[in-house]
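Student: Need coordinates for the following:
(chains A and B)
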There are 2 protein chains.
Amino acid sequence: MLKRFFTPESVAVIGASKHPGKLGFKILKNVIDGGYKGKIYPINPSAEEEILNLKTYKTISEVPTPPDLAIIVIPAKLVPDVAEDCGKKGVKGLIVISAGFKEAGEDGKQREEALKEIVKKYHMRMIGPNCLGIIDVINNLNASFAFDMPTKGKISFITQSGALGTAVLDWAAKEDIGLSKFVSFGNMADVSETDLIEEFGEDPDTRVILLYMEGLQNGRKFIETARKVAMKKPIIMVKAGKSTAGRKAVSSHTGSLAGSDNAYNAALKQAGVIRANSVQELFDYAMAFSSQPVPQGRRVAIVTNAGGPAVMATDAVEVEGLYHAVISERTKASLREFLSPAANVNNPVDILGDALADTYGKAMELVLSEDNVDAIVAILTPQVITQIPESAEKISETTKGHKKPVVASFMGGKRMEEGIKVLMKNGIPNYPFPERAVSSIRAMVNYKEWNEKKKGDLPALKIHKDRVQKIIINIKDAERKTAGDIEGREILSSYGIKVVESFIAKNISECKNYFKKVRGPVVMKLVSPDILHKTEAGGVKVGIDSIKAAETAFKEIIEAARRYKKDAVIEGVQIQPLIAGGTEVIVGVNKDPQFGHLLMFGLGGIYVEILKDVSFRVIPITDVDAEEMIGEIKTVRMLKGFRNIPERDINAVKDVLLRVSQLCVDFPEIEEMDINPLMVLEKGKGAIAVDVRFSFTI
Amino acid sequence: MLKRFFTPESVAVIGASKHPGKLGFKILKNVIDGGYKGKIYPINPSAEEEILNLKTYKTISEVPTPPDLAIIVIPAKLVPDVAEDCGKKGVKGLIVISAGFKEAGEDGKQREEALKEIVKKYHMRMIGPNCLGIIDVINNLNASFAFDMPTKGKISFITQSGALGTAVLDWAAKEDIGLSKFVSFGNMADVSETDLIEEFGEDPDTRVILLYMEGLQNGRKFIETARKVAMKKPIIMVKAGKSTAGRKAVSSHTGSLAGSDNAYNAALKQAGVIRANSVQELFDYAMAFSSQPVPQGRRVAIVTNAGGPAVMATDAVEVEGLYHAVISERTKASLREFLSPAANVNNPVDILGDALADTYGKAMELVLSEDNVDAIVAILTPQVITQIPESAEKISETTKGHKKPVVASFMGGKRMEEGIKVLMKNGIPNYPFPERAVSSIRAMVNYKEWNEKKKGDLPALKIHKDRVQKIIINIKDAERKTAGDIEGREILSSYGIKVVESFIAKNISECKNYFKKVRGPVVMKLVSPDILHKTEAGGVKVGIDSIKAAETAFKEIIEAARRYKKDAVIEGVQIQPLIAGGTEVIVGVNKDPQFGHLLMFGLGGIYVEILKDVSFRVIPITDVDAEEMIGEIKTVRMLKGFRNIPERDINAVKDVLLRVSQLCVDFPEIEEMDINPLMVLEKGKGAIAVDVRFSFTI
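Tutor: Residues are numbered from 1 along each chain as shown, chains lettered A, B, ... in the order given. Here you go, the predicted model:
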C-alpha cells in the first residue's frame, strides 16, 4: 500500500526554498512543473509568505489539513524532529531526501534508527533517507530533484543509486524511452525494493519492473515476493557489486551487505527475475518487454536489406540458444512474387539493398503470418534509395495485426534518427546493433519459459526431526561447533539419507573383529583431530580385502601418522565397506548473508575443485529445482550413462537434495555441511553418503 | 603498393551520370565534394559535354593522359571490355562498384574470372567488384557512393559488407568518430584484406586497423601478414558467420567460404589480431586505440562522482581480469587535502556528487601521477551542480602531461552531449556505460601483452622425413585414404614421437610367443575392420599378466567378436604393454578450409567429449604456442600435479605438439590425424602414443 507516495491528495515540501541553487527549490519546482494536481504546501520556518507563488508555512503543524505526503529536504540533524511533527500531524508518507544517515558513520546510523522508530510509531511509511526521490510520470508527480519529467511509458525503474538514477533519466529522455514510475530509495530505512516490486506488480501502468541493486535488504523475502510478481509481469535486475572488489565498493557506498554472486544467480533464477549484466542490457530488455508481446517460442526470423548485418543477427540467434525459423514453401512462394530473383527468401529474408518501404511492409506481413516464426528482427541499413522513416512506418503498421514481437535494428546515425523515432513511437524497440536486438528476444523467451514451466513442490518427506534435535542439543551442550563423524551420519540417516556403515577401531583386535563382520573390501582411514590431510599423511588405505591385510594396514596407518605428526592425538582407524562402481558427487550447503542456506551440487573431486562445475539453489528447493540443479552441471552426462559407465540413480540424488533442503529448513543453525562424496550407484540402486561434515552457529 | 587507390594523380569515373538518382552521379559528386585535388574525368558514351561542370569523355581512350584510378559503375556485362580499355590506356587501379559477378550465379562467376584475367594482364590492381568503394579522408578522396565524407581520424576501416559500411559511416558521423581510410572491397577479386592491412600497416595516417569480415581469402597468408602488421599497430576484427547457420548466410551473401570458429579464434590469437564480438565492440576498442596510449600494465583506477557507476566499473575490472590499482598513502593524503571527509580516497576514488570541474582536475592529476596506476576510467553522472563540459575540459587537460590512457564514461543523454564533444575533441573516448570503457582498456592491455611477449621459434627437430615419404607413397599406391595401425606408428616414430610397442597376433601361439617377450601386464584388443566399437563388442581386455590369462583373453575376444558380428573379418588380436600411471591426453589435427592444418590438444576421454576442454592452434606452431596450448585448457592443473597425481611430463607433450606440427608442414596431404590417447608419464619420463589414426587427401 504505497499509494500515498504515488497518488497523494496533497504534498508538503519541508525545506522548500526560494533560492534556485537549493535542492529545496528544485524539488518544489519539480512538483509544480511536473503537473501535480493536488494541494502543495511549501514549508520553511524562515520563509516569507510565498515561494513560487504558493503560500508557505513555517511548520507542518500550521498546514490546514494533514498532507498525505511530505518531502523532507533539510539538514539530517533536524529530520527526526520534523518527522515526529509529521507523525503528529497525520502525514502518511515521508520521502527523506536529506543525506547524513546510515551512509555517514556511527552518528548517522543512530539518527537513522531514531527516524525509523518515529516512522513506525506513527504508522507512516518512508522512502529514503539519502535519496533522489520518486517520480510518477503517469500521475504527474515529480517528487525528486531530477532535472526533467520523463516521457510517459510502461517501465518502472527502482534504483539504489541516486546518481545512476539521474544518468538514466537523462539518457532515457534522449533515447525516447518512456517511464511509468521512478524510485530512488537511498538507504531503504523503511520502504524496500520488495515493497516496491509488490506495489508495481499491482500497478496497471507498469508493464515491466527494473531494478538497479547493490544489495538486497532481505533476500529470502525478496525471492518470495518476486516469484509472485514475476508471474504477472517481468522483473529485470542489475545486481552490481558482483566482484570481491565491487563488494568493497558497495559497502563503502551504501553500507549494504552484498551476497555472493552465486547466491544471487541462484536466487534470481528461482524467483524468475531476469538478470541483466549492465544498465545497457537492463533497458535493452525493458524496451522489448514494455512494448512488445512475449514470443510464443524460440523461432526467430530476420528481415533485412543487407547481408552483413543479417549474418551478425544469425550469429547472435545461435549464441543466444534461439532457433532459426524455417520459412515455409508457401511463404517463400509469396515472397518470390514481389522480390527480385537475387533476394533470399530463406531466413534471413534478404529483400536486398534497393528495397523500398513497400517491400519492407509486404515482406514483414508475410513473415509475421508465417506459422513457423515466433519473433522477428527487422534490420535496415541506409543504402542509396532506402526509405528510412517510410520503412519504419510500414514495419510498424504490419505488426499491428499480429501478436508476435518485432524488434528492429535500424543501423546508422543521423540518417536513422527520424526512422527510429517512428519505430519507438509505434512501440517497436530499436537497437543500434543486431546482437542487442536478438539478446532482447532471448530475454523475453527466458521470461516466457520460466513463467510457463512447472515450479514444482516441496514434497512431504518421512524424516525424524526429533532425533536430529537431540543430536544438536548435545552438540550445543558440549559447546562444540561441529558434529562428530557418528553424529553427522546419524543426522543424515534420520533424514532418510543412506549412509555407508562405519566403525572406528581403536586397536588391532577391534579392527580384526569388525573386518570379520563386514568381509572384504574395505577402506581404512586414520581418525585424528590433529591430522587434516589424511592421504598426505599416509592415513588412507583402499581395497583391503583380508584380515591379514587389514592388520597390516592398521599398523601402517598408525605408524605413518606418528611419523607425520609426532604428538598427534590418534583416536583409531575408521573402517568402511568399499563402495565400488559409483560416481562421486558432492552435496554441500553454506550460509549466504542475504539468502540464508545455499545448496550446492556437483560431481566430486576434480570436477568441483578444478572445473568448478557446480550448481546452486537457495533453500528450500522444490522437486523441479532439484532436477534442474542436476541438469545444469556440464558433467551431467556422466550420470546419464556415458561409454561403459551405466546410467546412475539420478532420482536418488534428487531425493538427497530435497532431504538436505528440508534438514536446513528445520535446523537454521546449520552453518555449513558437505556430503563428500555421495556415491551414486546404478539406476535404481540408490546413493550412499560416504563422508559428511556439519558445522553450526551455536 | 596500393597508393594508386588512395593518392591517385587523376581519377576517371566510368559511368558518370548527370541524373542525381544514379550511382554514377552520386560517385562523381562524392569525388568532387570530397575535395579531391587531382584531375577528374567523367566518362559516359552517351553524355553531353559536361557533367557537374567537368568535361566529359565518351570513352577512357579519349582521356588526354592515363588516369591513375578508374571508378567503374556500369552494368556488369560491360565491365570486362571497359577494364580492357583501361588496361590499354595505362590505368593503374580499378574500383569496380558494379554488382553482378561472383555473388550472382554461374554467369557472374565467369565474368569475374575474365575480369581478373584482364586486371592481371595489364598489371593493374582492382578493388571490388560489387562494392561501395573507398574513402581516403586524410587525402580528401571519396571514391564511393557513401553519403558523406567522415571527419578526419586515425581509424581505418575495411569491410566486406558494403551495407554495413554505409551504416557505420552514418553512425560514426553521429558519434563524432573520425576515420582515416574506409574500404568496402566487395568480392575481393584482386585486392584482398591481406593487401589492405599490409598497406595500412605502413600508412602514417592509420593508427588502428578495423576489419569486418565474413570469410578470409587466404587464411594462412592473412595470419603471416597480420602478425607483422600487428607488431606495429593494432588490428581489430569482427568475424561474422560464427555459427553454422551464420555460415550459411555468409555463403549465400558473398560466396566466401567461412572457416570454423575455432580456427578463427586460434588464428587471430596467433596473429595478434584482437577479435571483437560485434561492431559496437569494434568501435569501442578502436576509439581507445586511436586516441590513447596503450597502458603499461593491468592496474586500473576509477575516478567518479557517483558510487553506483563505480561499482559497475569495479565489477567490470574484475570480469575482464584487470587489477584494481592500489592508491598509495601519499596520493591518498594529497587527495584528502581538498576532498570532503566523506569522499573515498581509495580506488574507486569517489569525489562525491557535489564535485566541481576543479575537483575532477585535481583528483585526475593526482591519480594519473600515481605510480601504481596504469589506466584510468573517469566517470561522471549529471548531478545537481555537476559542471559537465567544464569537467570534461579539466579531465582533458590533465591527461596531456601523462602517458597513461584515460577513458571516460559520462553517463546520461542530452545533458551530456556537450561534455562528450569536449572529451572526443581532446581524444578521450567516451562510453555511455562504464563496462564498455573498462572492456576497451582490456583490449589495449591484451594488445600490449601480445606485442611484448616472446613469440617463440620453430625449433629444428631430428626427424626422418624420407621414411614417412615412403609410407605415404605406399598408401597412395594402394589407393588407400588411411594409414594402417603399423604405418601410423611408424610415421610417428619417424618423427621422434615415442609409440607403444604393438604386435598383432593372428593366432594363440603367436599371442603366447609375444607375451613371453613382453612379460608384465598387457592390453589386448580385437583387430577387425568391421567392428568399430571394440569395447562394446567385448573386444578389449586390460591388465592381462600371465600366459594363461593371455590365452583365455585371446579366445574370449575372438568368440565375443563372432557373437557381436557373425561375418566380421577378424585379423587377429593386438597386444600392447599396458602403460600404467599416466594421464591420457589427445593430440589431433584436422584441416580447416581457410587456415589449413589445425592442431588440437586436450585431456582425453570425458574431458574432450563432454567438457570440450581443448585448445587449438593453426600449424605451424612455435614452442611458445605449444606451451600456451597446454596452459590454455582448464584441466591443465591435472598435468601439473594434483592431489596424489604427480606432475606430468609437460615438456614431452610440448615436444609431441611441435613434432606433429612439423609433420603436417612436411606432408600437406595429411587430412586428419589423432593420437588418442597419448599417455603422459611422470615428469622426466616422457609421453607415449598408444593409438594413432591418419587419413590423407590422395
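Student: Next up, the contacts around the residue of the stretch 451-600 of chain A found nearest chain B.
Tutor: Here the stretch 451-600 of chain A gets closest to chain B at one residue, A:Thr535, 6.0 Å apart by Cβ to the nearest Cβ. Using the backbone N, CA and C atoms, a C-beta is placed for each residue, glycine as well. Counting by Cβ atoms under 8 Å, 6 or more residues apart in numbering or on different chains, A:Thr535 touches B:Arg643, B:Asn644.
Student: Secondary structure of it: a helix, I assume?
Tutor: No - per DSSP: H, G, I helix; E, B strand; the rest coil, A:Thr535 lies outside any helix segment and is coil.
Student: any idea how far it is from A:Val523?
Tutor: Taking Cβ to Cβ, to the nearest Å as the measure, A:Thr535 and A:Val523 are separated by 12 Å.
Student: now swap in A:Ala689 and tell me
Tutor: Noted for A:Ala689: a distance of 14 Å to A:Val523, by Cβ to Cβ.
Student: So those two - more neighbours on which side?
Tutor: A:Ala689 (23 against 19; other Cβ atoms under 10 Å in any protein chain shown).
Student: Bridging across strands, which residues link to the more buried one?
Tutor: A:Ala689 forms beta bridges with A:Val499, A:Leu678, as assigned by DSSP bridges.
Student: do the same with A:Val523
Tutor: When bridges are called by DSSP bridges, A:Val523 pairs up with A:Val542, A:Gln576.
Student: could you measure the residue nearest to A:Arg125 when sequence neighbours are not counted against A:Thr622, distance?
Tutor: Sequence neighbours aside, A:Gly93 is the residue nearest to A:Arg125 in space, at 5.2 Å (criterion: Cβ to Cβ, 6 or more residues apart in numbering or on different chains). Distance, A:Gly93 to A:Thr622, by Cβ to Cβ: 37 Å.
Student: Same check on A:Ala333?
Tutor: On the measure of Cβ to Cβ, A:Ala333 and A:Thr622 end up 48 Å apart.
Student: For A:Gln280, the count of nearby residues, please.
Tutor: Other residues within reach of A:Gln280, judged by other Cβ under 10 Å, total 18.
Student: Can you show me the strands along the stretch 201-350 of chain A?
Tutor: Taking DSSP state E, counting those that start in this stretch as the test, the strands found in the stretch 201-350 of chain A are A:208-213, A:235-239, A:274-276, A:299-304, A:323-324, A:349-350.
Student: Can you tell me which of these is nearest to B:Arg617?
Tutor: Closest to B:Arg617 of the strands of the stretch 201-350 of chain A is strand A:323-324 (Cβ to Cβ; 30.9 Å).
Student: for chain B, what are the nearby residues on the stretch 251-400 of chain A?
Tutor: Proximity of the stretch 251-400 of chain A to chain B, by Cβ under 8 Å from any Cβ of the partner chain, involves residues A:252-254, A:277-280, A:305-312, A:314-315, A:317-319, A:324, A:342, A:344, A:346, A:348, A:350, A:353, A:381-385.
Student: could you say which helix or strand contains the residue of chain A most remote from its centre?
Tutor: Distance from the centre of chain A peaks at A:Lys548, with 57.5 Å (Cα atoms, centre = their mean). Applying DSSP states H and E as the criterion places A:Lys548 in helix A:547-564.
Student: Mind listing the strands the helix or strand A:Val587 falls within pairs with, and their directions?
Tutor: Per DSSP H and E, A:Val587 falls inside strand A:583-592. Paired neighbours of strand A:583-592 in the sheet (DSSP bridges): strand A:596-603 (antiparallel), strand A:670-680 (antiparallel).
Student: Distance from it to the middle of the chain?
Tutor: Put simply, strand A:583-592 sits 21 Å off its chain's centre (Cα atoms, centre = their mean, to the nearest Å).
Student: likewise stretch A:398-414?
Tutor: Distance, stretch centre to chain centre, for stretch A:398-414: 29 Å (Cα atoms, centre = their mean).
Student: Check stretch A:119-136 too.
Tutor: Its chain's average C-alpha position is 25 Å from that of stretch A:119-136, according to Cα atoms, centre = their mean.
Student: Pull the CA coordinates from it and hand them back as PDB.
Tutor: Output of stretch A:119-136 as PDB, limited to C-alpha atoms (Å, rounded to 0.1, in the frame of the first residue of the first chain):
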ATOM      1  CA  VAL A 119       8.000   6.400  11.300                       C
ATOM      2  CA  LYS A 120       6.900   3.100  12.900                       C
ATOM      3  CA  LYS A 121       5.300   4.900  15.900                       C
ATOM      4  CA  TYR A 122       3.100   7.000  13.700                       C
ATOM      5  CA  HIS A 123       2.300   4.200  11.200                       C
ATOM      6  CA  MET A 124       3.900   6.200   8.500                       C
ATOM      7  CA  ARG A 125       5.900   4.800   5.600                       C
ATOM      8  CA  MET A 126       9.200   6.300   4.400                       C
ATOM      9  CA  ILE A 127      11.300   6.300   1.200                       C
ATOM     10  CA  GLY A 128      14.900   7.200   1.900                       C
ATOM     11  CA  PRO A 129      16.700   8.800   3.600                       C
ATOM     12  CA  ASN A 130      19.600   9.800   1.300                       C
ATOM     13  CA  CYS A 131      17.700   9.500  -2.000                       C
ATOM     14  CA  LEU A 132      16.900  11.400  -5.200                       C
ATOM     15  CA  GLY A 133      13.100  10.900  -4.600                       C
ATOM     16  CA  ILE A 134      10.400   9.500  -6.700                       C
ATOM     17  CA  ILE A 135       8.600  10.300  -9.900                       C
ATOM     18  CA  ASP A 136       5.200   9.000 -11.000                       C
END
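Student: can I assume A:Val11 sits in a strand?
Tutor: Yes - assessed with three-state DSSP, A:Val11 lies in a strand.
Student: who's the residue lying closest to it once chain neighbours are set aside bridged to?
Tutor: In space, and not counting its chain neighbours, A:Val11 is closest to A:Leu69: 4.9 Å by Cβ to Cβ, 6+ apart. Applying DSSP bridges to A:Leu69 yields these beta-bridge partners: A:Val11, A:Gly93.
Student: which residues sit in contact with A:Leu69?
Tutor: Contacts for A:Leu69 (Cβ under 8 Å, 6+ apart) come out as A:Arg4, A:Phe5, A:Pro8, A:Ser10, A:Val11, A:Ala12, A:Val91, A:Lys92, A:Gly93, A:Leu94, A:Ile95, A:Ala143.
Student: Can you report how many residues neighbour the fourth one?
Tutor: A:Ser10 has 18 neighbours, counted by other Cβ under 10 Å.
Student: Which residue, neighbours along the chain excluded, lies closest to it?
Tutor: A:Lys39 (3.7 Å).
Student: ok, that neighbour to B:Cys511 distance?
Tutor: Computed as Cβ to Cβ, the A:Lys39 to B:Cys511 distance reads 104 Å.
Student: out of these two, which sits in the more crowded spot?
Tutor: For A:Lys39 versus B:Cys511, neighbours defined as other Cβ under 10 Å are more numerous around B:Cys511 (26 against 16).
Student: And the more buried one, how far from B:Ser615?
Tutor: Using Cβ to Cβ, one obtains 40 Å as the distance from B:Cys511 to B:Ser615.
Student: Next: A:Trp450.
Tutor: Counting by Cβ to Cβ, the gap from A:Trp450 to B:Ser615 is 35 Å.
Student: Give me the domain ranges for chain A.
Tutor: Following automatic domain parsing, one gets these domains for chain A: A:292-452, A:454-500+A:579-698, A:502-577.
Student: Distance-wise, check the residue nearest the centre of chain A relative to chain B.
Tutor: Residue closest to the average C-alpha location in chain A (Cα atoms, centre = their mean): A:Leu268, at 2.7 Å. Using Cβ to the nearest Cβ, to the nearest Å, we find A:Leu268 at a distance of 16 Å from chain B.
Student: List the contacts of the residue nearest to A:Asn142 when sequence neighbours are not counted.
Tutor: The shortest distance from A:Asn142 to any non-neighbouring residue, by Cβ to Cβ, 6+ apart, is to A:Gly34 (3.2 Å). Going by Cβ under 8 Å, 6+ apart, A:Gly34 touches A:Ile135, A:Asn140, A:Leu141, A:Asn142, A:Met149.
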